[in-house]
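Peer 1: okay, sequence plus prediction incoming.
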Amino acid sequence: MADRGFCQWALLKWNVILGCLAASNGCTRCWAALESHRHQCSGSTIHNGLTKWSEKGNMGWTFTGKAVFREDMLNRPKLHKSPLTIWIGPASDLFYKEFTLDQIAQVYAVVAECPQHDFFVLTKRVKRQLQLYTDGSLKTAVEEKLGRSIAWPLRNVRDGISIEDNKMVKQRMEHFMELPSHFKFLSAQPVLEELELGSYLAEDKRIKWALIGNEAGPLARKTDPRDIIGVKKQLDEARIGNMTMCYPL
Ligand code: SF4
């Protein structure tokens, strides 16, 4: 999932998946689509067909819906013995429907084999994530790949959702609250209106970190600073001490 501020923050971007499709209003200026287009222009054939120019409403580069699972990148985290903060799929969304249960399980099997690292997963498709986390299918598929049983959910996974307006807060937070993660975080970038998070933050104490900020680039939509301040106030009231404010240009 491609929130720009988060991308700058992670220490290792694990590009095991590429490509996506817009899921909501927050995707309009998808930073990952622009990056994918740049890679294609630089001669990277693996990025062919991932993006197209859109003349609709908000002109710009957008994803076509094509998804690529990169087996050549699968074991990348295992190369690092020292602990790292790793973002899974910064140029995509792991729970996009084009990624199969088997592919997602391959990713989580590597995560299970690398307890020295913290892995961040950011999605706009938390409904599918919740289903896979709770119906036993993902755990079973990971165990089959590892050949052993595991404690679920994995302790070294940080689960986050991206929220941009109150419609998405309502739609995604209800599923997010049910997610049985050990550590959760929120990414509100861009903030398109003052988000009403208060009751959710009070209820779910596993939400321990948040990233809030605006959109970047020449065609970026404006963020009202009062909305950012409003969100920050709610996070402060919920005593979410770990908060990153992000204002890319
Ligand atoms: S879900 Fe994330 S990666 Fe996919 S189009 Fe939207 S912003 Fe881009």
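Peer 2: That came through, no problem. Numbering: from 1, shown residues only.

Peer 1: and the helices in the chain?
Peer 2: 4-9, 31-41, 101-113, 126-134, 137-146, 166-178, 198-203, 225-237 (DSSP state H).

Peer 1: buried ones in the third one?
Peer 2: This points to helix 101-113. Buried residues in helix 101-113, defined by neighbour count with 16 or more other C-beta atoms under 10 Å: 103, 104, 105, 106, 107, 108, 109, 110, 111, 112. Where you see a C-beta, it was placed from the backbone N, CA and C, and this is true even at glycine.

Peer 1: okay if I get those as JSON lines plus pLDDT and distance to the ligand?
Peer 2: Shown next, in JSON lines, are the buried residues of helix 101-113 (pLDDT from 0 to 100; distance: C-beta to the nearest ligand atom, whole Å):
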{"residue": "103", "pLDDT": "98", "distance to the ligand": "16"}
{"residue": "104", "pLDDT": "99", "distance to the ligand": "15"}
{"residue": "105", "pLDDT": "98", "distance to the ligand": "21"}
{"residue": "106", "pLDDT": "98", "distance to the ligand": "20"}
{"residue": "107", "pLDDT": "98", "distance to the ligand": "16"}
{"residue": "108", "pLDDT": "98", "distance to the ligand": "19"}
{"residue": "109", "pLDDT": "98", "distance to the ligand": "23"}
{"residue": "110", "pLDDT": "98", "distance to the ligand": "21"}
{"residue": "111", "pLDDT": "98", "distance to the ligand": "20"}
{"residue": "112", "pLDDT": "98", "distance to the ligand": "25"}
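
Peer 1: redo those residues as a markdown table? Include distance to residue 38.
Peer 2: Shown next, in a markdown table, are these (distance: C-beta to C-beta, whole Å):
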| residue | distance to residue 38 |
| --- | --- |
| 103 | 25 |
| 104 | 27 |
| 105 | 31 |
| 106 | 27 |
| 107 | 25 |
| 108 | 29 |
| 109 | 31 |
| 110 | 27 |
| 111 | 28 |
| 112 | 33 |
